[in-house]
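Asker: here is my input, please return the structure:
(4 chains)
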There are 2 protein chains.
Amino acid sequence: MSSDQIKTRTRILVSTQKLLETNPTKAVRMFDIAKDAGLSRQALYLHFPTRSELLIATTRYLDEILNVDQRLVPSRVAEKGTDRLRLYIEAWGNYIPEIYSVGRALMAVQDTDDAAKAAWEGRMQAVREGCLAVVKQLKADGDLVPELSTKQATDVLWGLVSVRMWEHYIQSCKWSQKRYIEVTHQMARQVLLGHA
Amino acid sequence: MSSDQIKTRTRILVSTQKLLETNPTKAVRMFDIAKDAGLSRQALYLHFPTRSELLIATTRYLDEILNVDQRLVPSRVAEKGTDRLRLYIEAWGNYIPEIYSVGRALMAVQDTDDAAKAAWEGRMQAVREGCLAVVKQLKADGDLVPELSTKQATDVLWGLVSVRMWEHYIQSCKWSQKRYIEVTHQMARQVLLGHA
DNA sequence: CGTGTCAATTGACACTGTGTAAAGTTAGGA
DNA sequence: TCCTAACTTTACACAGTGTCAATTGACACG
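Answerer: Now for the predicted structure:
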């Protein structure tokens, strides 16, 4: 009974992710998701109160099955700040493409839905925490360029690793994921450490 | 007759800009614009075929009355590449806040409207041209860091001065416009020239 | 003075997509 | 056998965009 409910719910989440992934251009409607998950549009509302909540749940689900936390462990345990910086950019930067489709949909509804806005901002705030930790360690190591305050440095790094920047390099500039990581790392070093 | 038509059209454009500016949070509907411009919602369609076209026309109108081209002249006539870089960042970076409200609305409909997408991308492509010109001059001066190709350097500068980055620093990080310009300039120097 | 034209109005309607509501179906478990 | 949970079908409310037809009011021209 309960395990069956979980199955349907999961099926919906999987369908949502899949459709967002495969239709980067067209809008994915509740109807499309329902069809793909094999139930009626109305039945979706038995599991998720609104489209926004469904999108939010899908990002959470992705975070879970893709193991964000675990991916960030290597950077967190690095001893040197510079290593931590590199590992953080690699981990998060390589995670972005996996959540981008859903993230994009979530960003799109932020203007019309407060819950979606809060969810996405919370998500991004967590990224900022990661940046802050990196910056603090760089500072402790005496590697942080003196002109930048901790807040400024964090905000700068946060911007460099933002989803929008990834979007810019990958979509608008057609860079490879590999180059994106390299250049972002290079830029972060140059700006935060004052040299390559 | 004709001048009267132009007046109404302009009134609509002004209302559109004004409403987008004053309601950064809420969606501005055709009804709202019509009310503000003092005519019926349907009458808007006598001047603009769709909401997207209205938004596009509004950005063009803004470009015109705010004199983008003229603002970019100083950077274009600079003799040294480094001066050109600074002047470009100042001119464009200080222009962004003036078009942001409309640009934001235009970005928001890109998923659903191809014309809007093309218009905005064209707009951004023009910015890229500006970046390219800056990079070429830096390279001609021998000031460009050797690791970056012209394309790479252009894409990087393009990203640094993108509307999304401005949004990030001004909205998410609550930076002042002044600091935004300073830090962006600093970052551009560091990344493109290899030093501050 | 009448006529034509043009901007705009009013009222009605089609369409899309989200979300709600009610009544009925089906399968499994006590 | 009865109950319950999950789901279905049908129907509808609502918002917002875009279309259409008939009408009005002003103004210019001969």
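Asker: any part of the one helix or strand residue A:123 maps to near chain B?
Answerer: Assigned by DSSP states H and E, residue A:123 belongs to helix A:114-140. Yes: contact of helix A:114-140 with chain B (Cβ under 8 Å from any Cβ of the partner chain) involves residue A:124. Using the backbone N, CA and C atoms, a C-beta is placed for each residue, glycine as well.
Asker: sec struct for residue A:144, please.
Answerer: Put simply, residue A:144 is coil when judged by DSSP: H, G, I helix; E, B strand; the rest coil.
Asker: can I get the host helix or strand of residue A:8 in PDB, CA atoms only?
Answerer: Assigned by DSSP H and E, residue A:8 belongs to helix A:2-22. This file holds the C-alpha atoms of helix A:2-22, laid out as PDB (Å, rounded to 0.1, in the frame of the first residue of the first chain):
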ATOM      1  CA  SER A   2       2.500   2.600   1.200                       C
ATOM      2  CA  SER A   3       5.200   1.200  -1.000                       C
ATOM      3  CA  ASP A   4       2.900   1.300  -3.900                       C
ATOM      4  CA  GLN A   5       2.200   5.000  -3.300                       C
ATOM      5  CA  ILE A   6       5.900   5.700  -3.200                       C
ATOM      6  CA  LYS A   7       6.300   3.900  -6.500                       C
ATOM      7  CA  THR A   8       3.700   6.100  -8.200                       C
ATOM      8  CA  ARG A   9       5.200   9.200  -6.700                       C
ATOM      9  CA  THR A  10       8.600   8.200  -7.800                       C
ATOM     10  CA  ARG A  11       7.400   7.400 -11.300                       C
ATOM     11  CA  ILE A  12       6.000  10.900 -11.500                       C
ATOM     12  CA  LEU A  13       9.300  12.400 -10.400                       C
ATOM     13  CA  VAL A  14      11.200  10.300 -12.900                       C
ATOM     14  CA  SER A  15       8.900  11.300 -15.700                       C
ATOM     15  CA  THR A  16       9.100  14.900 -14.800                       C
ATOM     16  CA  GLN A  17      12.900  14.800 -14.900                       C
ATOM     17  CA  LYS A  18      13.000  12.800 -18.100                       C
ATOM     18  CA  LEU A  19      10.600  15.200 -19.900                       C
ATOM     19  CA  LEU A  20      12.400  18.300 -18.800                       C
ATOM     20  CA  GLU A  21      15.600  16.700 -19.900                       C
ATOM     21  CA  THR A  22      14.400  15.700 -23.300                       C
END
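Asker: and the next element down the chain from it?
Answerer: Defined by DSSP H and E, the subsequent element after helix A:2-22 is helix A:30-37.
Asker: is that next one anywhere near DNA strand C?
Answerer: Yes: Helix A:30-37 reaches DNA strand C (Cβ under 7 Å from any atom of the strand) through A:30-31.
Asker: need the pLDDT of residue A:6.
Answerer: Looking at residue A:6, its pLDDT stands at 69.
Asker: check the one 5 residues further on too.
Answerer: Reading off the per-residue confidence, residue A:11 sits at a pLDDT of 97.
Asker: got the domain ranges for chain A?
Answerer: In terms of domains, chain A is parsed into A:2-48, A:77-193 (source: automatic domain parsing).
Asker: spatially nearest residue to the residue positioned nearest the centre of chain A (excluding sequence neighbours)?
Answerer: Per Cα atoms, centre = their mean, the C-alpha nearest to the average position across chain A is that of residue A:96, at 4.9 Å. Counting by Cβ to Cβ, 6 or more residues apart in numbering or on different chains, residue A:96 lies nearest to residue A:166, which is 4.6 Å off, once chain neighbours are set aside.
Asker: I'd like the average pLDDT over the helix holding residue A:123.
Answerer: pLDDT averaged over helix A:114-140 gives 98.
Asker: what comes up buried for whichever helix or strand comes after that helix?
Answerer: Counting by DSSP H and E, the element after helix A:114-140 in chain order, helix or strand, is helix A:150-160. Across helix A:150-160, burial judged by 16 or more other Cβ atoms under 10 Å in any protein chain shown covers A:152-160.
Asker: same question, stretch A:90-106
Answerer: A:90-93, A:95-96, A:98-103, A:105-106.
Asker: which two among those residues are spaced furthest apart?
Answerer: Using Cβ to Cβ, the pair of the buried residues of stretch A:90-106 lying farthest apart is A:90 and A:105, separated by 25.5 Å.
Asker: number of residues surrounding the nearest residue to residue A:78 once chain neighbours are set aside?
Answerer: With sequence-adjacent residues excluded and distances taken as Cβ to Cβ, 6+ apart, residue A:78 is closest to residue A:84, at 3.9 Å. Residue A:84: 23 surrounding residues under other Cβ atoms under 10 Å in any protein chain shown.
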